[in-house]
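1. Structure, please.
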Amino acid sequence: MAYRVDITETALADAEEHVHFLEEARQEPHAAALWWNGLLEAVFSLEKLPERCPVIPEDGFFPETLRHLTYHSHRIIFHVERRQKIVTVLRIYHASRKQLTKAARKPPR
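-> Modelled structure (predicted):
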């Protein structure tokens, strides 16, 4: 049985921020569309075997186990709820940023 993938508003805002950067600052709307479509494909690949992805290095800072999937320059940070078969994408975090902290991990809405 496949997992349901939920994306938080915070994660969606992270992704939209990068798309906006590509479209406006870099003047690359085609690249923005390709990145967005590839991101969605990567996110929804978590429907199958989400635990194939490693636990984040910052795991000790959080009460639940968080995992990540790398997509180009971004880390897709998520939590797996095995019993309910739900993957919740919490952040889509640029890899050049500092490590994820409690302040950066906003709760799902």
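
2. Quick check on the spatially most central residue of the chain: phi, psi?
-> In the chain, the centroid-proximal residue (C-alpha atoms, centre = their mean) is I76; its distance is 2.4 Å. Here is the backbone geometry of I76 (degrees, to the nearest 10): phi -90, psi 110.

3. which residues does it contact?
-> I76 sits next to A11, L39, A42, V43, L46, H68, L69, T70, V89, R91, I92, Y93 when contact means C-beta atoms under 8 Å, 6 or more residues apart in numbering. All C-beta spots, glycine's among them, are computed from the backbone N, C-alpha and C.

4. List the buried residues of the longest helix along the chain.
-> Identified as the longest helix of the chain according to DSSP state H is helix 29-44. For helix 29-44, burial by neighbour count (16 or more other C-beta atoms under 10 Å) applies to A32, W35, W36, L39, A42, V43.

5. tell me the mean pLDDT over it?
-> Model confidence over helix 29-44, given as mean pLDDT, is 97.

6. Would you map the helices across the chain?
-> According to DSSP H, the helices that the chain contains are 9-20, 29-44.

7. Output the contacting helices and strands for the first one.
-> Contacts of helix 9-20 with other secondary structure elements, assessed using 3 or more C-beta pairs under 8 Å, 6 or more residues apart in numbering; DSSP states H and E, are made with helix 29-44, strand 74-81, strand 86-94.
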